[in-house]
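# following is a predicted model, sequence given first.
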Amino acid sequence: MRLAARALLALLAGALAVPAFAPAGWFPLAFLSLALLVGLLERAASARDGFFLGFAWGVGAFGAGISWLTIALSRYGGVFLPVAVLLIFLFCAVLSLHPALAGAFYVRWKRGGTLRRALLFAGLWMLVEWLRGTWLSGFPWLAMGYSQTPPSPLAGYFPLVGVYGVGGVLAFIAGLLGICAIRRDGGHWKIPVVLIGAICLGGWALSRIQWTEPDGPPLAVSLVQPNIEQSLKWDPAFFFETLRINADLVRAAHGDLVILPEAALPSTLEALPEGYLDRLIRLANERNATLVTGVFTRDGKRHYNAAVTVGRGGGQHYAKTHLVPFGEYSPPFFGWFYRLANIPMSNQSPGEANQPPFELFGRKIAVNICYEDIFGAELIFSLPQAGLMLNLSNLAWYGDSFAQPQHLQIARVRAMETGRPMLRSTNTGMTAFVLPDGSVPAVLPAFARGVLEVEVPAFRGLTPYARWGNMPALAVALIVVAVAVGAGRRSRPG
């Protein structure tokens, strides 16, 4: 089979991985997708071919999985649709360099038996996914581990090794499947089947462990979903209507803690109409409640995407630290992008690192804004002090797409990694309450205006991941790759 035909199969295998994630959640497809890639890499003749096949797999996965980014650019950013499609394709191509590297190094170093090869593939896969999530600000969206939320048998490994470690376990199983599938001797299946069964059984057993425990009585929380269309959010003609909708929802809420989503008030805090902030304070004080709202703040020439408290415990402030390139700030040499796109408040400054949690009602609450919660290693600095995690988001930029359920799935992983409940207040969805086991006992329908009333306990204790982060999983990946490569070199003739 020619390389072009094999690359087409790799591209289709990459696209096959997307239904493994939310909203479909067909998690076995993740194993099948990577197993197909491994099978193709096994027959690759050179590292160059491996690079090409891994790149094609990435284009299929990212092209199908994050195509919703074009909505933000074309519908709301004012970029001509064909140009927006081209820009997102180029972005997907950059992301695809990571599986391409895994493919190239795998073909270059593959030697020995099934177990050694599967371990090599798993170690390489874990390292390139971690690299994708860290360099140039990082974009770990669609890291394969995210597909393994419950009911996957691998979900029990999240509190131990995090999303990259789970991705490595997934890649190891897929490697065993892919390598064995192309070998003609059926006897090669015996040990892999036993290993796969043991891994799944271990994940099931680990999911029964409660790494953290409730700490004190539950807190009554109201999670507000204003459902304001993105095209109206920054329309001056709709400004006062936006403020009215938010105030009315705060008045309708019943919780001691009321949460408005990211940038719920489309203005800087200092530029709000006279008396509006006093109105919110009065609404909170009437019930001895606290309001947390997303709003932009200003410090001289600096603007921050922030969350502030109003009412009881008022005056606390969190500024988003991990900003979105091109959406919230311009990387060097990319000023031309803003001549194509019209994105409000795109000149933001990052907040200080390691900001303290909010202290409300005797509990400490770690706040993060929008896609900050896809960086698990950055959230654990607030532990063990914080007993709750709170995410404020606005995914209206991406319309009715996969972005909303994919982001909720990411929040489920963060809850399992940290052993903490995750509260989500969003503009258009998905506003939800996530428990430390990854379950979602309450969620509002997307694109519906309303208030989600929940009783949320704080938790105490530390999971292994919260204690050590990604380092143990990455160390294992490096050791596995080093041993596989070293053993392979020693086995060469001459």
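All right, it came through fine. Numbers count the residues shown, from 1 in each chain.

# every contact and neighbour count from this point should use C-alpha atoms.
Noted.

# give me the buried stretch members for whichever strand or helix holds residue 466, please.
Under the criterion of DSSP states H and E, residue 466 resides in helix 464-468. Across helix 464-468, burial judged by 16 or more other C-alpha atoms under 10 Å covers 464-467.

# same thing with stretch 388-405?
Neighbour counts over stretch 388-405 (16+ other C-alpha under 10 Å) mark 388-399, 401-405 as buried.

# related to what we said a few turns ago, residue 350: which of the buried residues of helix 464-468 is nearest?
Checking those against residue 350 with C-alpha to C-alpha, the nearest one is residue 466 at 23.9 Å.

# on that earlier part again, now the helix holding residue 466: average pLDDT?
Average pLDDT, helix 464-468: 97.

# lowest-scoring secondary structure element of the chain by mean pLDDT?
Lowest on mean pLDDT, DSSP states H and E among the helices and strands of the chain sits helix 337-340, with a mean of 58.

# spell out the secondary structure type for residue 390.
Per DSSP: H, G, I helix; E, B strand; the rest coil, the secondary structure class of residue 390 is strand.

# wait, residue 350 touches residue 323, no?
Yes: using C-alpha atoms under 8 Å, residue 350 is in contact with residue 323, at 6.4 Å.

# neighbour-wise, which of these two wins?
Under the criterion of other C-alpha atoms under 10 Å, the comparison of residue 350 against residue 323 puts residue 323 first, with 22 against 18.

# tell me the contacts of the more buried one?
The neighbours of residue 323, taking C-alpha atoms under 8 Å, 6 or more residues apart in numbering as the test, are 329, 348-350, 372.

# distance of the most centrally placed residue in the chain from residue 322?
Geometric centre of the chain, nearest residue: residue 374, 3.2 Å, by C-alpha atoms, centre = their mean. In this view, residue 374 and residue 322 are 10 Å apart by C-alpha to C-alpha, to the nearest Å.

# also residue 445?
Separation of residue 445 from residue 322 (C-alpha to C-alpha): 28 Å.

# cool, and residue 360?
Taking C-alpha to C-alpha, one finds residue 360 at 24 Å from residue 322.

# when those two are compared, which one has more neighbours?
residue 322 (22 against 17).

# hang on, isn't that one packed against residue 350?
Yes: assessed by C-alpha under 8 Å, residue 322 is found in contact with residue 350 at 6.6 Å.

# among the contacts of residue 323, which are in helices?
Of these, none are assigned to helices by DSSP state H.

# could you check the pLDDT of the nearest residue to residue 147 once chain neighbours are set aside?
Once flanking residues are discounted, residue 147 sits nearest to residue 21: 4.6 Å by C-alpha to C-alpha, 6 or more residues apart in numbering. Here the pLDDT value assigned to residue 21 is 98.

# could you do the one 5 residues further on as well?
Reading off the per-residue confidence, residue 26 sits at a pLDDT of 98.

# where are the low-confidence patches of the stretch 101-250 of the chain?
Applying pLDDT under 70 to the stretch 101-250 of the chain flags residues 184-187.

# next one: stretch 177-191 to chain centre, how far?
Remark: stretch 177-191 is offset 34 Å from the chain centroid, using C-alpha atoms, centre = their mean, to the nearest Å.

# next secondary structure after whichever strand or helix holds residue 250?
Per DSSP H and E, residue 250 falls inside helix 239-252. Following helix 239-252 in sequence order, the next helix or strand is strand 257-259 (DSSP H and E).

# assumed residue 295 was part of a strand.
Yes: per three-state DSSP, residue 295 lies within a strand segment.

# how many neighbouring residues does it have?
23.

# could you number the chain from 9 rather than 1 from now on?
Done: numbering now begins at 9, and the last item shifts to residue 303.

# could you say what helices and strands the longest helix seen in the chain packs with?
Across the chain, the longest stretch assigned as helix under DSSP H is helix 89-117. Under the contact criterion of 3 or more C-alpha pairs under 8 Å, 6 or more residues apart in numbering; DSSP states H and E, helix 89-117 touches helix 36-50, helix 55-73, helix 77-79, helix 122-140, helix 479-498.

# now with 6 Å?
Applying 3 or more C-alpha pairs under 6 Å, 6 or more residues apart in numbering; DSSP states H and E, one finds that helix 89-117 contacts helix 55-73, helix 122-140.

# so for residue 101, which of those helices sits nearest?
It's helix 55-73; of these, that one is closest to residue 101 (C-alpha to C-alpha) at 6.2 Å.

# can you pull out the residues in contact with the closest one?
15, 18-19, 22-23, 26, 49, 100, 104-105, 107-109, 111-112, 115-116 (C-alpha atoms under 6 Å, 6 or more residues apart in numbering).

# give the buried residues for stretch 139-146.
Neighbour-count burial for stretch 139-146, counted by 16+ other C-alpha under 10 Å, picks out 140-141, 146.

# and it, how far apart are its ends?
In stretch 139-146, first residue to last residue: 8 Å (C-alpha to C-alpha).

# swap in stretch 434-445?
The first residue of stretch 434-445 is 21 Å away from its last residue (C-alpha to C-alpha).

# let me know the average pLDDT across that stretch.
The model assigns stretch 434-445 a mean pLDDT of 96.

# what are the buried residues along it?
434-445.

# the strands in the stretch 209-358 of the chain, which residues?
221-222, 227-233, 265-267, 273-276, 298-307, 310-319, 325-327 (DSSP state E, counting those that start in this stretch).

# could you dump the ones you listed to JSON lines with distance to residue 87?
Converted to JSON lines, the strands of the stretch 209-358 of the chain look like this (distance: least, C-alpha to C-alpha, whole Å):
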{"stretch": "strand 221-222", "distance to residue 87": "48"}
{"stretch": "strand 227-233", "distance to residue 87": "28"}
{"stretch": "strand 265-267", "distance to residue 87": "33"}
{"stretch": "strand 273-276", "distance to residue 87": "22"}
{"stretch": "strand 298-307", "distance to residue 87": "25"}
{"stretch": "strand 310-319", "distance to residue 87": "24"}
{"stretch": "strand 325-327", "distance to residue 87": "29"}
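
# return the most buried member of those strands.
Of all those, strand 265-267 has the most neighbours on average by mean count of other C-alpha atoms under 10 Å, namely a mean of 27.

# partner strands of that one, parallel or antiparallel?
Paired neighbours of strand 265-267 in the sheet (DSSP bridges): strand 227-233 (parallel), strand 298-307 (parallel).

# pull the residues that contact stretch 212-231.
Stretch 212-231 is touched from outside by 161, 164, 261, 263-267, 427, 433, 459-469, 471, with contacts defined as C-alpha under 6 Å, 6+ apart.

# pop out the phi and psi values for the residue nearest to residue 155.
In terms of degrees, to the nearest 10, the main-chain angles of residue 29 are phi -90, psi 170.

# next one: it from residue 173, what distance?
For residue 29 relative to residue 173 (C-alpha to C-alpha), the value is 17 Å.

# okay, now residue 470: neighbour count?
Other residues lying near residue 470 total 20 when counted by other C-alpha under 10 Å.

# apart from its chain neighbours, what residue comes closest to residue 461?
residue 230 (4.7 Å).

# mind checking how far the one you found is from residue 251?
With distances taken as C-alpha to C-alpha, residue 230 is found 18 Å from residue 251.

# swap in residue 70?
Distance of residue 70 to residue 251, computed by C-alpha to C-alpha: 37 Å.

# higher neighbour count, those two?
More neighbours surround residue 70 than the other of residue 70 and residue 251, with 24 against 17 (other C-alpha under 10 Å).

# what score does the residue lying closest to residue 241 once chain neighbours are set aside have for pLDDT?
Counting by C-alpha to C-alpha, 6+ apart, residue 274 is the residue found nearest to residue 241 once chain neighbours are left out, at 6.7 Å. Note for residue 274: predicted pLDDT of 90.
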